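Trainee: Got a sequence here, can you model it:
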Amino acid sequence: MSFQAYLDTIEDKTGLTPREFVSLARERGFDTPDTKAGVILTWLKEEYGLGRGHGMALVHVIKKGPEINAEHVGTTGSHRDESATLWLDGKATRP
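Mentor: From the prediction side, this is the model:
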């Protein structure tokens with residue numbers, strides 16, 4: 001599953017876009033460099049029922065932003081992505 005597909009599935013499950021999760025995390029102070037992933041994962045599980053894989057995808061965008069490693073961009077493997085920049089504003093608005 002691509003990184004973007006993880007984010008799309010999160011939106012399907014929760015009704016929230018990745019950008020909305022980033023804002024919610026910022027409101028809680030979870031976007032700071034010293035915030036551990038476990039704190040964010042616990043919040044995502046308790047509030048939204050997200051498991052570790054989907055939670056870690058959000059941890060990445062909360063802590064590091066939309067840029068990902070270009071290693072799988074343009075490949076045909078199961079973890080391929082079309083771009084090294086993730087779309088955070090929801091599936092309906094993706095160009």
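Trainee: what sits against the most centrally placed residue in the chain?
Mentor: Residue closest to the average C-alpha location in the chain (CA atoms, centre = their mean): Leu58, at 2.9 Å. Contact partners of Leu58, counting by CB atoms under 8 Å, 6 or more residues apart in numbering, are 7, 10, 18, 21, 25, 40, 44, 50. The C-beta positions use only the backbone N, C-alpha and C, and glycine is treated the same way.
Trainee: measure it to Gly77 for me?
Mentor: Distance of Leu58 to Gly77, computed by CB to CB, to the nearest Å: 22 Å.
Trainee: Tell me the predicted confidence for the residue of the chain positioned farthest from its centre.
Mentor: The C-alpha centroid of the chain is most remote from Thr76, which lies 21.5 Å away (CA atoms, centre = their mean). Thr76 is assigned 79 on the pLDDT scale.
Trainee: likewise Gly65?
Mentor: pLDDT at Gly65 comes out at 94.
Trainee: For it, what are phi and psi?
Mentor: phi 90, psi -170 (degrees, to the nearest 10).
Trainee: who touches Ala70 in this structure?
Mentor: Ala70 neighbours (CB under 8 Å, 6+ apart): Ala84.
Trainee: follow-up on the earlier one: so can I have JSON lines of the contacts of Leu58 showing neighbour count?
Mentor: Rendered in JSON lines, the data for the contacts of Leu58 read as follows (neighbours: other CB atoms under 10 Å):
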{"residue": "Leu7", "neighbour count": "25"}
{"residue": "Ile10", "neighbour count": "23"}
{"residue": "Pro18", "neighbour count": "24"}
{"residue": "Phe21", "neighbour count": "26"}
{"residue": "Ala25", "neighbour count": "22"}
{"residue": "Ile40", "neighbour count": "21"}
{"residue": "Leu44", "neighbour count": "26"}
{"residue": "Leu50", "neighbour count": "21"}
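Trainee: Going by distance to Ile62, which of the residues you listed wins?
Mentor: Nearest to Ile62 out of those is Ala25 (CB to CB; 4.4 Å).
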